[in-house]
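Colleague: build the 3D model from these lines:
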Amino acid sequence: MQLKLNNSKVLKLALASATTLLFLAPTLGVKALSNSEQNGTKIRDSFLVAQANCPTRRSTVDRTFETPNYYVTICSGDARNSLGYYVGAAKDGSGGITVPLTRRSGDRYIAANGNTIYAITPYELRVSQNGRTILNERILAASGDDTVVTRGCRNRESTFVTAETASYVISICGGNFPGTYIGESKNGSGRIRLPLQRYERDRYVAVNGNTRYILTPNELRVTQNGQTILRETIRNWN
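Modeller: Residues are numbered from 1 along each chain as shown. Okay, the predicted model is just below:
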């Protein structure tokens with residue numbers, strides 16, 4: 001797909017950064033947002049802007065996502081591409097890109113633009129080029145069917161911990177005290193919700209049959225029949 005750049009100034013900026021180039025072409029009518037709008041905008045409010053960016057009138061908004069720096073819209077299919085479209089737009093209004101989807105699998109959407117692959121789930125946006133990840137951002141919010149979907153703890157629950165590894169997002173939820181372990185795979189393949197067996201300081205343990213989930217600020221470790229089957233370092237702990 002050939003991409004058009006707004007002007008020579010944008011061209012110079014795009015050439016200065018290969019990563020930025022992915023989202024600086026083309027603008028597709030994306031509205032520039034002021035600082036106050038950026039800070040206060042909810043993903044539900046972006047539906048009208050997102051709808052304007054779907055490539056045809058028959059292509060409507062299926063899902064919208066927000067990362068720290070981008071809005072992403074998944075548009076429904078049309079006669080040109082039955083799977084639909086991936087529409088990415090920079091929050092600073094500098095540009096956007098529309099790419100046909102090549103795969104939809106549950107909450108995972110994949111689009112390809114030459115050797116550049118865009119993959120988005122309710123947990124992360126990952127862009128790779130020639131098999132190498134060049135951009136990875138967590139999802140701040142996601143919506144579908146005009147209903148905001150929040151990951152992790154339920155609306156009426158307290159969130160005690162949110163942790164992130166290379167492959168998972170883990171939440172410790174409860175009321176007045178921690179009571180629930182929630183593990184979600186970033187690729188959208190699975191989610192588990194378990195009562196905590198015990199917790200002490202920053203160590204949380206949940207059990208599902210002979211499988212044990214142990215979360216600390218340093219690592220997520222999963223054991224089965226006493227044998228470690230997964231161990232990943234904690235990247236973020238909040």
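Colleague: going by C-alpha atoms from here, please, whenever you check contacts or count neighbours.
Modeller: OK.
Colleague: which residue, other than its chain neighbours, is closest to residue 204?
Modeller: residue 215 (5.2 Å; C-alpha to C-alpha, 6 or more residues apart in numbering).
Colleague: ok, that neighbour - contacts?
Modeller: Applying C-alpha atoms under 8 Å, 6 or more residues apart in numbering, we find residue 215 in contact with 202, 203, 204, 205, 221.
Colleague: and which of these is nearest residue 138?
Modeller: When these are ranked by distance to residue 138 (C-alpha to C-alpha), residue 221 comes first, at 21.6 Å.
Colleague: if we can go back for a sec, of the contacts of residue 215, just the buried ones, PyMOL syntax please.
Modeller: A single PyMOL command selects the buried members of these (16 or more other C-alpha atoms under 10 Å):
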select buried, resi 204+205+221
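Colleague: out of the contacts of residue 215, which comes closest to residue 104?
Modeller: Out of those, the member with the shortest distance to residue 104 (by C-alpha to C-alpha) is residue 221, at 30.3 Å.
Colleague: so for the closest one, what's the pLDDT?
Modeller: pLDDT recorded at residue 221 is 97.
Colleague: that one pairs with what?
Modeller: For residue 221, the beta-bridge partners are residue 214, residue 231 (DSSP bridges).
Colleague: touching, it and residue 211? I think so.
Modeller: No. Counting by C-alpha atoms under 8 Å, residue 221 does not reach residue 211; the two are 10.5 Å apart.
Colleague: which ones are touching residue 220?
Modeller: 165, 213, 214, 230, 231, 232, 233, 234.
Colleague: residues touching the closest residue to the fourth one other than its chain neighbours, list them.
Modeller: The one in question is residue 230. Leaving aside its chain neighbours, residue 230 sits nearest to residue 222 (5.0 Å; criterion: C-alpha to C-alpha, 6+ apart). Residues in contact with residue 222 (C-alpha under 8 Å, 6+ apart) are 211, 212, 213, 214, 228, 229, 230, 231.
Colleague: now with 10 Å?
Modeller: Residues in contact with residue 222, defined by C-alpha atoms under 10 Å, 6 or more residues apart in numbering, are 205-207, 211-215, 228-232.
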